[in-house]
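In: have a look at this fold, sequence not included:
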Ligand SMILES: Cc1ncc(COP(=O)(O)O)c(C=O)c1O
């Protein structure tokens, strides 16, 4: 479902009195906060030092950084491929009383997987049963490549425990720094106070730019182009991985998002591989910082969003050579 069609009866997203921009595509939704700032504000509101935050592991590294400032206890909910280990979450909700569960349900960063409808419903049930907020980071939700999923918030019509975060960064331009939070009125009012204390209000200039763009262009047409573009990049990357990578390595098959998550043999660390890869002219991201709790060394993240298709293929070919060398040196 695209944001423009997202029905949230009790949508409240006003960040500071916005005098200028009205975002034409979604009536009562007005963009006032970047997704990154939203994560920071929510943690500031809900979490005090030593209190628990439940979050996927691995997860979006800058969410970990934003939450860390509150000095919380992180409780990791593991994944098995595209599935979240919801028994982990159930256990944590019962035993650790987290202040919220942070999830990237669509185009999970770093793996690119989207949760099934069944898993989404289970998350809503668990949140309701334990009266715990879920911070649902939906920044990739509008650019899913294949089957589309409804945002978590759209299932939450009773308890209002989902705090949904979105932005134009991935579907239009990260430089705009315009996004939104959808949550119940009580939460939004408190977030507004924190945001005002931080920066009074989001830049009107970028909102005007966005507003003009939306008046003159079809966002749906643009999103359709984005989907084709990123789907094409994803396919080239998956094809190259299949052709060049050794059998000891496995990788995610993204449904959305900009990156692939690669599991290396235990003996190869992402940090060490980075040096070899840079030597071969390829940029990779070591995976360790993506783990909020128990750290694992043998993962890397590859981004395919910003490269030409021949660069993706060549980068993966070179990386495969570097990995094969490491494997044969280790044995
Ligand atoms: C999962 C996730 N959430 C939030 C953000 C930040 O979004 P924004 O640029 O709108 O602040 C990113 C950016 O990479 C992301 O991957």
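Out: Done, it's in. These numbers come from a predicted model, not from an experiment.
In: rest of the way, CA atoms for contacts and neighbours
Out: Fine.
In: poorly predicted segments of the stretch 51-200 of the chain, please.
Out: Counting by pLDDT under 70, the ranges of the stretch 51-200 of the chain that qualify are 158.
In: get me the contact residues on it for the ligand.
Out: The stretch 51-200 of the chain comes close to the ligand at residues 60, 104, 109, 137, 139, 167, 169, 174, 177, 179, as judged by CA under 6 Å from any ligand atom.
In: which strands and helices sit next to the helix ranked longest in the chain?
Out: Counting residues, the longest helix found in the chain (DSSP state H) is helix 219-244. With contacts taken as 3 or more CA pairs under 8 Å, 6 or more residues apart in numbering; DSSP states H and E, helix 219-244 sits against helix 309-330.
In: coming back round to it: mind listing what's buried in the longest helix of the chain?
Out: Residues 219, 223, 226-227, 230-234, 236-238, 240-241, 244 are the ones in helix 219-244 that count as buried (16 or more other CA atoms under 10 Å).
In: for the chain, what spans make up the strands?
Out: Under the criterion DSSP state E, strands of the chain are mapped to 52-56, 73-77, 79-80, 83-84, 100-103, 133-137, 162-167, 179-182, 250-251, 259-263, 285-286, 299-303.
In: wait, which of these is closest to residue 119?
Out: Between residue 119 and these, the tightest spacing by CA to CA is seen for strand 83-84, at 7.6 Å.
In: what sits against residue 77?
Out: 54-57, 84-86, 88-89 (CA atoms under 8 Å, 6 or more residues apart in numbering).
In: which of the residues you listed sits closest to residue 277?
Out: Distances from residue 277 to these, taken by CA to CA, are shortest for residue 57, at 24.9 Å.
In: run a quick neighbour tally on that closest one.
Out: Per other CA atoms under 10 Å, the neighbour tally for residue 57 reads 21.
In: what residues are up against it?
Out: Counting by CA under 8 Å, 6+ apart, residue 57 has contacts 76-79, 290-293.
In: buried only: go through the residues you listed for me.
Out: Buried among those by 16+ other CA under 10 Å: 76-78, 290-293.
In: nearest to residue 266, of those?
Out: Closest to residue 266, out of all of the buried ones among the contacts of residue 57 and judged by CA to CA, is residue 291, at 15.6 Å.
In: leaving out chain neighbours, which residue sits closest to the closest one?
Out: Spatially, and ignoring its direct neighbours in sequence, residue 291 is nearest to residue 58 (4.5 Å; CA to CA, 6 or more residues apart in numbering).
In: what's the answer for residue 117, then?
Out: residue 149 (7.0 Å).
In: with residue 42 instead?
Out: residue 191 (7.0 Å).
In: wait, what's in contact with the one you found?
Out: 41-42, 45.
In: circling back: average pLDDT for the longest helix of the chain?
Out: Average pLDDT, helix 219-244: 95.
In: just how off-centre is that helix within its chain?
Out: 17 Å (CA atoms, centre = their mean, to the nearest Å).
In: and what of stretch 311-328?
Out: Using CA atoms, centre = their mean, the offset of stretch 311-328 from its chain centre is 27 Å.
In: what residues sit buried inside that stretch?
Out: Buried residues in stretch 311-328 (16+ other CA under 10 Å): 312-313, 315-324, 326-327.
In: same check, this time on stretch 45-58
Out: In stretch 45-58, counting by 16+ other CA under 10 Å, buried: 46-47, 51-58.
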